[in-house]
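A.B. asks: Mind looking at a prediction? Sequence and model below.
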Amino acid sequence: MAETAVIAALSKFGELAGQEAKVLLQLGDEMMLLRDRLEWLQAFIRDADRKRRAGTDGLTRVWVRQTRDVAFKAEDALDQFFYQVELKNFPERFRIWRKPNSCNNIFIRHGLSNEIKGIKSRLNQISENQKAYNLQHTPFVAFASSTAATLAWRDDFFDSPVGLNDDMKSINDMVYDETNHIQVFIFILGESGAGKFTLADNVFFQLRKNFEVYARYNMPPDSNTEVLLNGVYQQAYQCLKLYNPGFEQPVDLPNDDTAVKLRRLLTPRNQAASSKKYLLLVVGGISSINFLNCLKACLPDDKAVVLILDTESEEVTRHADTMNQGRTNKTLMLSRLDEARSGQLFCARAFSGEKNTKGNAEPSMKNEREEKTKYNKTVYKITGGYPLAIVLLAGLLRFKEKHGQWEAKLQELSPEGPGAELSEEKCVNPAARTEANLSTTTGTVIDRVFWASFDDLPKDIKSCFLYFAAFARHTYISAHEMVRMWVAEGFVVKPELGKTMEEQGEDYLKELVSRCLVQIVHANASRGIQNVRVHMRLHGFLRSKVREAGFIEIHDMHDAFVPQSARRIAFKSFDSRYTMPRNKFPKLRSFICNVAEGDKSSANTDDSGNTTSRWRCAGGADVKKEDMDDIKFLNESKFLRVISIVGLKLEKLPKEIGDLIHLRYLLVRSSHLKVLSSVIRRLLNLQTLDIRKTKVETIDPGFWRIKVLRHVLAEILTLPETLEEELGELQTLHGVHPAMASNWSQQNCPLHKMTNLRSLELHGFVDATHGAALDNALAKMHLLGHLKLKGDIIPKCVFVGRCLENLQTTQLDGTLRWPMTDQEIKDIRKLRPNLMEVALEGSNDAATELELIGYKRVPRRFKPVYRLPHYLPIFR
């Protein structure tokens, strides 16, 4: 896809204009002419991309590929220019590591000017070829988008499922069938896009209250038994830890494998009688009988267990049916929706957010019903009753005006093509399709709607959506991490005044959710987006798209060869046996790596015999030096903006990383990493440092002089004793503590230089030496929305005084000092009008005080967590 390449090149002109205006003027009109030429290309390229996808025009395919290559070349030239200029402008304290050159400005301008001339010459040749071969352009019809559509992003997550009521009842009957034995295996079988995941999710949320232990897990494709068992282990462990008072993690022996640990975890400890069934497991993605057998072997034999699986494999389903020992069939075959249910699902999505006002006259309500149902036949014809196609169509039309634009878009998507009459006689009848051409029909229907939705995305959001292809299918992705990577990549355009880049990126994500291209998995306490996923079918579309566009190179342990021209690399392995690339990548912008952390010589155990995986780190066991990983192959990647590494055995980062002056995002999660080199202070463009799940305790003081720092996330990182300069861009500071033996005062407390924080997690403070300064610093943080504190005494300003007015969630571990009078307690709601949740871990429970001002304890949690009543339903 050439459009994203052109967009990336054009975004560099915006950076250039803002950073080096003087040099830009000295280059004359060459830069402006190139920018104008690329803008014209952008207007033509979308139509060309659509023709190339249709596969009917080979010449267009060649033209698109050549245009993409030229756009890449323009981006490389501008990034090289930025690199040289930033080296020239480096502070004096870092110039020892580079050779001075008095003619830098002349050489830089001359080099860029020559590159531009070459690019313009290539563009002229491409234009001549276009004319010579008579490549025609069909203007792309752009419809105005509805400005209120993005506001509907919450509805799909919090509203009840539509069109699945009968299926949910069938599952419920299977679960509570009186003829059931101890273990019950229930399967949800259906085609891709038929709604298996949605049904399994909603069944889990509905049934879990009737079970003592429950877990929901989706097995990523191409993973192994170890990944499956570890995933179930972690989910069950979190359930036991959160909702069972007095739960203690069982003691594991050094040589125990994952199966033994899971079996021990699931063994009931409380033998008291209970009205609840014992264990509910809802697992998706199991494609092998071997996987199913391994999971079954870990289940307790003497307690009521219900295992619900969603799959496309009939072989696995038949095998599971034999495990039910000849009882009633426990397989639910999901079929496509009929016309009525298709219309019901479409209306629930397309019209979400449109609330009926009280007092409407009956004729008005009747007209509204007719307005909604008139699309049933058309929707059914276009989508064939596939739920995935229906919600994609609804998400697309959410951003169109109903009068005129809906009809035009529906005619465009009609199987008969634009201009066809939308009649019942020509309606696609999925039931009439034969078994042989079923998959082809599915692909045609869902493909057509998906690409229409993709083409309709605003140009700034297309690159953001494609970025999801870098992550494995069936995995949950942190919304905050994704947005920070978008910002680092430069995908997020400069927002309007008063909004941060991250808030703009969150708006992009909300639009993708509203368009039903991305699904919310978990919401946070403030009803914001916490984790998201992309449907496996759509993820497949993205993978094919980024591959042919050269946007991301995706590789795993079975495919170690990566071309040197790669611009982004996503490397994943669910096995601890992997081979890292050894090439140099001079054009690389992003390196995203996610592997299982373990010993290369054994897929299942580390040197101490402990089972390891992506979800459960090796625990820092000693590893032979020759088995340590390194990332020296990134040393020559001077354009790198994003490094995200999970699972590699890294003892240290190479000192050459300090030369990556474009780097804006650095995430490293390795239990072996204990030290960060002092070169970290040279990354003057670094926005995000995420070193959670490492053992890094200290960092070079010069790091805290990086003025553009926005997010610092750690677990045991020591704060500097003092700061000289204000960190005005810093929004997130997690997992930090004061320096040992430090004594904070109003003059040296580092938090006084971080007054724009939105999220703070601080531990290890002592009231006698830090309390007064901490209290004063918190009082200045008017933008703070999340606060987590762990110390001997919690500062009084958390609940008292006119400050922290934007605080939404707080987690406190320490002695609370409450206001003395009931009136002061009641004033908390006025002083903290946005406070939604108060979690108390290790603190004295304050049920009386919090319930007095309207907070209610969250049900089922044994640790005190209190929320306002209208926020209680968010806990899904």
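C.D. replies: Alright, I've got the coordinates.
A.B. asks: Pretty sure Tyr278 sits against Leu240.
C.D. replies: No. Contact criterion C-beta atoms under 8 Å: Tyr278 and Leu240 do not qualify, at 11.8 Å. C-beta: built from backbone N, CA, C; applies to glycine.
A.B. asks: any residues in contact with both of the two?
C.D. replies: By C-beta atoms under 8 Å, 6 or more residues apart in numbering, Tyr278 and Leu240 have these common neighbours: Val213.
A.B. asks: Show me the shaky parts of the stretch 551-700 of the chain.
C.D. replies: For the stretch 551-700 of the chain, applying pLDDT under 70 flags the ranges 557-560, 575-578, 597-627.
A.B. asks: Tell me which stretches of it form strands.
C.D. replies: All strands of the stretch 551-700 of the chain, identified by DSSP state E, counting those that start in this stretch, fall at 553-556, 568-573, 590-595, 642-646, 665-669, 688-690.
A.B. asks: quick one, which of these is nearest to Glu506?
C.D. replies: Proximity to Glu506, assessed across these by C-beta to C-beta, is greatest for strand 688-690 (15.0 Å).
A.B. asks: Report the buried residues of stretch 231-242.
C.D. replies: Across stretch 231-242, burial judged by 16 or more other C-beta atoms under 10 Å covers 231-237, 239-240.
A.B. asks: Ignore what I typed, I meant stretch 646-654.
C.D. replies: Under the neighbour-count rule (16+ other C-beta under 10 Å), stretch 646-654 has 646-650, 653-654 buried.
A.B. asks: and these as JSON lines, adding distance to Asn134?
C.D. replies: JSON lines is the format used below for these (distance: C-beta to C-beta, whole Å):
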{"residue": "Val646", "distance to Asn134": "51"}
{"residue": "Gly647", "distance to Asn134": "53"}
{"residue": "Leu648", "distance to Asn134": "52"}
{"residue": "Lys649", "distance to Asn134": "58"}
{"residue": "Leu650", "distance to Asn134": "55"}
{"residue": "Leu653", "distance to Asn134": "54"}
{"residue": "Pro654", "distance to Asn134": "53"}
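A.B. asks: Just the closest of these to Glu128, please.
C.D. replies: Nearest to Glu128, judged by C-beta to C-beta, of the buried residues of stretch 646-654 is Pro654 at 46.4 Å.
A.B. asks: From Arg705, how far out is that closest one?
C.D. replies: 22 Å (C-beta to C-beta, to the nearest Å).
A.B. asks: Also Leu228?
C.D. replies: According to C-beta to C-beta, Leu228 and Arg705 sit 46 Å apart.
A.B. asks: Could you do Arg547 as well?
C.D. replies: Distance, Arg547 to Arg705, by C-beta to C-beta: 41 Å.
A.B. asks: same deal with Ala200?
C.D. replies: To Arg705, Ala200 is 50 Å away according to C-beta to C-beta.
A.B. asks: quick one: which of Leu228 and Arg705 has more around it?
C.D. replies: Leu228 (26 against 17; other C-beta atoms under 10 Å).
A.B. asks: Looks to me like Leu713 is in a strand.
C.D. replies: Yes. Counting by DSSP: H, G, I helix; E, B strand; the rest coil, Leu713 falls inside a strand.
A.B. asks: Output the strands of the stretch 551-700 of the chain as a markdown table; include the columns distance to Asn756.
C.D. replies: What follows is these, written out as a markdown table (distance: least, C-beta to C-beta, whole Å):
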| stretch | distance to Asn756 |
| --- | --- |
| strand 553-556 | 37 |
| strand 568-573 | 31 |
| strand 590-595 | 27 |
| strand 642-646 | 24 |
| strand 665-669 | 19 |
| strand 688-690 | 16 |
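A.B. asks: the strands in the stretch 701-850 of the chain, which residues?
C.D. replies: Counting by DSSP E, counting those that start in this stretch, the strands of the stretch 701-850 of the chain are 711-718, 732-737, 759-765, 786-793, 809-815, 837-840.
A.B. asks: what does the stretch 51-200 of the chain give?
C.D. replies: Secondary structure of the stretch 51-200 of the chain (DSSP E, counting those that start in this stretch): strands at 183-189.
A.B. asks: For the closest residue to Gly791 other than its chain neighbours, which residues are in contact?
C.D. replies: In space, Gly791 comes closest to Phe765 once its chain neighbours are excluded; the distance is 4.1 Å by C-beta to C-beta, 6 or more residues apart in numbering. Residues in contact with Phe765 (C-beta under 8 Å, 6+ apart) are 737-738, 771, 774, 789, 791-792.
A.B. asks: same check, this time on Ile446
C.D. replies: Ile446 makes contact with 192-193, 386, 388-389, 392, 537, according to C-beta under 8 Å, 6+ apart.
A.B. asks: filter those to the buried ones?
C.D. replies: By neighbour count, with 16+ other C-beta under 10 Å, these hold 192-193, 386, 388-389, 392, 537 as buried.
A.B. asks: Quick check: bridge partners of His555?
C.D. replies: Per DSSP bridges, the residues bridged to His555 are Phe571.
A.B. asks: does it really touch Ser573, like I thought?
C.D. replies: No. Using C-beta under 8 Å, His555 is not in contact with Ser573; the gap is 9.1 Å.
A.B. asks: pLDDT wise, what is the residue nearest to Asn844 when sequence neighbours are not counted at?
C.D. replies: Excluding the flanking residues, the one nearest Asn844 by C-beta to C-beta, 6+ apart is Leu816, at 5.6 Å. pLDDT recorded at Leu816 is 85.
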